[in-house]
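Q: turn this into a model:
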Amino acid sequence: MHFVHELWLPILLAATGVFVVSSILHMLIPIHRNDYVKLPVEDAFTSHMREIGMPPGEYIFPCPESMKEMGTPEMIERYEKGPVGFLTVMPNGTVNMGASLAQWFLYSMLMSIFVAYITHAAMPPGSSYLSVFRIAGCVAFIGYGVGYIPNSIWKGSSWTTTAKFMFDGLVYGLVTGGFFGWLWPDAVA
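A: Residues are numbered from 1 along each chain as shown. Got it, this is the predicted structure:
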């Protein structure tokens, strides 16, 4: 953990920079405004969910009991009739933005620690800005942006939405790489 002591400032500034840039991307620039759409019959749908006492969780429908059942004619018919989807049900109550933002900042700190670890292992003190920027930025992009791809592959998320989140990840990678390149330790004489 020596690298954390040595790189605490770029870790903290990169996480803070990502936090600020993500706030700008998600609140001031309308790029994510259409990522999710309202259910056509939201009131009836949510009323039914309340009636059956739908607990928080992640659901898939239709949901086969086993891989073997997926290939049965009955299951194939259910898939073809539709709808087919994934559903995330959160606990009741208003969204606690403060808690979510705190968790996002902690995630950004964790990402910056991983970036510091990998970049420290790959680059000696005194490395050039561009060399450090490339490694740190790439690692950050992988952590922030590439992880959205499986949502489009497995959960049917729109590739357009995934591309927008990957763009966010690219921007976060550039911010992170910039701070690490700027504050990389000098070579010890």
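Q: same for the helix or strand of the chain with the lowest mean pLDDT, what does it pack against?
A: The weakest-scoring helix or strand in the chain, judged by mean pLDDT, DSSP states H and E, is helix 2-6 (a mean of 84). With contacts defined as 3 or more CB pairs under 8 Å, 6 or more residues apart in numbering; DSSP states H and E, helix 2-6 has these neighbours: helix 97-122. Where you see a C-beta, it was placed from the backbone N, CA and C, and this is true even at glycine.
Q: elements contacting the next helix or strand after the helix it packs on?
A: Downstream of helix 97-122, the first helix or strand assigned by DSSP states H and E is helix 129-144. With contacts defined as 3+ CB pairs under 8 Å, 6+ apart, helix 129-144 has these neighbours: helix 8-23, helix 97-122, helix 159-182.
Q: quick one: those as JSON lines, columns for mean pLDDT and mean neighbour count too.
A: Output for the helices and strands packed on helix 129-144, formatted as JSON lines (pLDDT from 0 to 100; neighbours: other CB atoms under 10 Å):
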{"stretch": "helix 8-23", "mean pLDDT": "96", "mean neighbour count": "19"}
{"stretch": "helix 97-122", "mean pLDDT": "97", "mean neighbour count": "16"}
{"stretch": "helix 159-182", "mean pLDDT": "97", "mean neighbour count": "20"}
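Q: now those helices as JSON lines including distance to H48?
A: Below are the helices and strands packed on helix 129-144 laid out as JSON lines (distance: least, CB to CB, whole Å):
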{"stretch": "helix 8-23", "distance to H48": "35"}
{"stretch": "helix 97-122", "distance to H48": "27"}
{"stretch": "helix 159-182", "distance to H48": "27"}
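Q: closest one to E51 among these?
A: Taking CB to CB, helix 97-122 is the member of the helices and strands packed on helix 129-144 nearest to E51, at 28.5 Å.
Q: name the helices or strands packed onto the closest one?
A: helix 2-6, helix 8-23, helix 129-144, helix 159-182.
Q: list the buried residues in the third one.
A: It refers to helix 129-144. 132-144 (16 or more other CB atoms under 10 Å).
Q: and for the first one?
A: Under the neighbour-count criterion of 16+ other CB under 10 Å, helix 2-6 has F3 buried.
Q: do stretch 23-31 as well
A: By neighbour count, with 16+ other CB under 10 Å as the criterion, the buried positions of stretch 23-31 are L25.
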